[in-house]
Each structure stands twice: as C-alpha cells, then as structure tokens.
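Trainee: Mind folding the following:
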Amino acid sequence: MKKIPSFNIDHEQLLPGIYVSRKDDVGTETVTTFDIRMKAPNREPALHIGALHTIEHLAATYLRNDKEWADRIIYWGPMGCLTGNYLIVRGNLESKDIVELMKRTFEFIASFNSEIPGAAPRDCGNYLLHDLPMARWEARRFLDTTLNRIKEENLRYPG
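Mentor: Numbers count the residues shown, from 1 in each chain. Got it, this is the predicted structure:
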C-alpha cells in the first residue's frame, strides 16, 4: 500500500503557516493543494469543531467572491485533525503566492459580525454546529501570531 505523502511530514516540528501540500496535473493545468495550518499539531489544543465549521463557511464564501482569486478557487475545507484547512487552487503556485489572500480571508473572518452564510437548516448538514465568536477569535489569533509575521519556516514543511 502506497504511503500518503502528507503522513511523511514531521508533525512534531510543523508550525502554523501556509504550506504546499501537493501539486497535481489535471489535463493541461496544475492544481495546488495548500495546507493552511492554524495550530501546531500535537503541541497546542486543536480548533473547536464549531469554530472550524464556521471558519469553513466564512472562508469558502470569501474566497469564492474574491475579485482576484474567485475563478481559481476549487475547494476550502477543514482537516480531520482539526489543526487547519486545505485550500485547493487552480495554478502552479507556491506558499508565498497566497499570503496576502490568506491575510484578507482571515481578516474577513476575524471581523465578520453577521449571519453566517449557509448556516440555515436547508443549507447546511449540521447547522447547529457553529461558533462565530470562537471562529473570530481563532482567525484573529492566526493573523496576529502567524500571517502578519510570516517567515520562511511558516512557508516550507520541516525536513
């Protein structure tokens, strides 16, 4: 059985940041999957599922409406380990290419103070599992501690 490449990343050394998880050729285009890691795995508490669910709704909404990037966004979704999200984008990209986009996305989440898009019973499979205050707090924390101070070690997987 083939080992999944992301299982080879040393999660004990991984910092919060933006990482290229993989690149895939689809037809004539390259698709880049980013690891948007909000928490240091196994060293700090994971994201609360309600906050992560709200971050998913808000980030997906923002990204699919961003004037510069909307036509390249394929997917935004949470990691099963609850330490971050995956972003899949059309194009052969590097982590540094989306730093400003992630800053805008997380600023949107941190400042959001309205009805969560797609959080009604007919729109969401678990509409009660949302936590806007905690999503805002986590987004602000990620901005202040990582995105607004981004360094090389937050843009390249360890080892």
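
Trainee: So which residues of this protein form strands?
Mentor: With strands called from DSSP state E, the chain shows them at 17-26, 29-37, 73-78, 84-90.

Trainee: Report the mean per-residue pLDDT for the longest one.
Mentor: Per-residue pLDDT values across strand 17-26 average out to 96.

Trainee: hang on, isn't Leu63 packed against Trp76?
Mentor: Yes. Under the criterion of CB atoms under 8 Å, Leu63 makes contact with Trp76 at 5.7 Å. For the C-beta atoms, the positions are set from N, CA and C on the backbone; glycine is no exception.

Trainee: shared neighbours of those two, anything?
Mentor: Common contacts of Leu63 and Trp76 (CB atoms under 8 Å, 6 or more residues apart in numbering): Leu87.

Trainee: show me what contacts Lys151?
Mentor: By CB under 8 Å, 6+ apart, Lys151 has no neighbours at all.

Trainee: what's the pLDDT at it?
Mentor: 97.

Trainee: Then Leu63?
Mentor: Confidence score, pLDDT, at Leu63: 98.

Trainee: What's the local residue count around the closest residue to it other than its chain neighbours?
Mentor: Closest residue in space to Leu63, ignoring its immediate chain neighbours: Ile73 at 4.6 Å, by CB to CB, 6 or more residues apart in numbering. A count of nearby residues for Ile73, using other CB atoms under 10 Å, gives 19.

Trainee: Noted, bye for now.
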